[in-house]
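Chemist: Would you be able to build a 3D model of this:
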Amino acid sequence: MTSSASQGEGGAFPPEREEPERLSPDDEATRREGEFLADALDMQRRRAEAMSRSTPGVCTNCRELCLPMAVFCDEDCRADHELRMQRRQRMGRL
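Modeler: So this is what the prediction gives:
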């Protein structure tokens, strides 16, 4: 014996609606893993694009001429450039 109100037919309760699919903990973990992987791949792609802008034989940091296949003239320039890139990454500018 059910009343029409409890069935959603013009009563006090709204009609039943389909709820969005709820993910199980395993499905949620799989979804988050995919998001994390996509973010990591995007970050790596941006890093690769930034490194491909350097010209062999010209220091990426100080723009001085260096060895023909080198992209930094010495370890100090490499360390300075890497420090600057880390700061930019932390600030979200890479």
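Chemist: Name the next helix or strand downstream of the biggest helix by length in the chain, please.
Modeler: Of all segments of type helix in the chain, defined using DSSP state H, the longest is helix 25-52. Sequence-wise, the next helix or strand downstream of helix 25-52 (DSSP states H and E) is helix 75-90.
Chemist: got the angle between that next one and helix 25-52?
Modeler: 140 degrees (axes from the mean of the first three to the mean of the last three CA atoms, to 10 degrees).
Chemist: quick one: the spatially most central residue of the chain from residue 66, how far?
Modeler: The centroid of the chain falls nearest to residue 39 when counting by CA atoms, centre = their mean (2.6 Å). Applying CB to CB, to the nearest Å, the value for residue 39 to residue 66 is 34 Å. C-betas here are computed from N, CA, C, even on glycine.
Chemist: Same check on residue 23?
Modeler: Computed as CB to CB, the residue 23 to residue 66 distance reads 53 Å.
Chemist: For these two, indicate the residue with more neighbours.
Modeler: residue 66 (19 against 12; other CB atoms under 10 Å).
Chemist: Buried residues in stretch 55-73, which are they?
Modeler: 59, 60, 61, 66, 70, 71, 72, 73 (16 or more other CB atoms under 10 Å).
Chemist: ditto for stretch 83-94
Modeler: residue 85.
Chemist: what's it in contact with?
Modeler: 43, 46, 47, 50 (CB atoms under 8 Å, 6 or more residues apart in numbering).
Chemist: let's see it at 6 Å
Modeler: residue 46 (CB atoms under 6 Å, 6 or more residues apart in numbering).
Chemist: Mind checking the pLDDT average for the longest helix of the chain?
Modeler: Mean pLDDT, computed over helix 25-52, is 87.
Chemist: So what's the gap between that helix and the chain middle?
Modeler: Distance, stretch centre to chain centre, for helix 25-52: 5 Å (CA atoms, centre = their mean, to the nearest Å).
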